[in-house]
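Peer 1: 3D, please:
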Amino acid sequence: TCELAVMEEGVEDGCGTGTTWPVCSKSPAGDSPYGLCDMVGNVWEWVYDRYQSDWYDVSPADNPTGPGDDTNNYNRVVRGGGYPDYDFFMRVSHRNSYFPGYIGSQKDLGFRCAADVTE
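Peer 2: Numbering: from 1, shown residues only. Modelled structure (predicted):
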């Protein structure tokens, strides 16, 4: 629901605003058990992984970044659903894809800055 994530609820996109919300606007109610906010809803998260619909059926268990390598023009994964989407898409595990040069009119596509943890 709009209590936890920015999404389409009824006929209103973006919980009645028709757009995305500032980062962590649903915090702390919508935060993950790890304290992360906006893991679903608001914007699709564009990630570096290459897309193949059945990739998890054949991928390695540790850090499966997708098929092939960066010399091939694979679509890239987007995760988590955006503000005009229904609850079906509001899962961290839900994947979709766009090709790397995509610059369409999507207002619900973003990214999350992250780094590998070093010991």
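Peer 1: can you point out the buried residues in the longest strand anywhere in the chain?
Peer 2: Ranked by number of residues, the top strand in the chain under DSSP state E is strand 44-50. Applying a neighbour-count criterion of 16 or more other CB atoms under 10 Å, one finds 44-47, 49-50 buried in strand 44-50. In short, each C-beta sits where N, CA and C put it, glycine included.
Peer 1: pairing partners for it, with directions?
Peer 2: With DSSP bridges as the test, strand 44-50 is paired with strand 76-79 (antiparallel), strand 109-110 (parallel).
Peer 1: contacting residues for Q52?
Peer 2: Taking CB atoms under 8 Å, 6 or more residues apart in numbering, we find Q52 in contact with 66-67, 74.
Peer 1: how much space separates it from W44?
Peer 2: 18 Å (CB to CB, to the nearest Å).
Peer 1: and what of G66?
Peer 2: Distance from G66 to W44, by CB to CB: 17 Å.
Peer 1: low-confidence ranges in this protein?
Peer 2: 104-106, 119 (pLDDT under 70).
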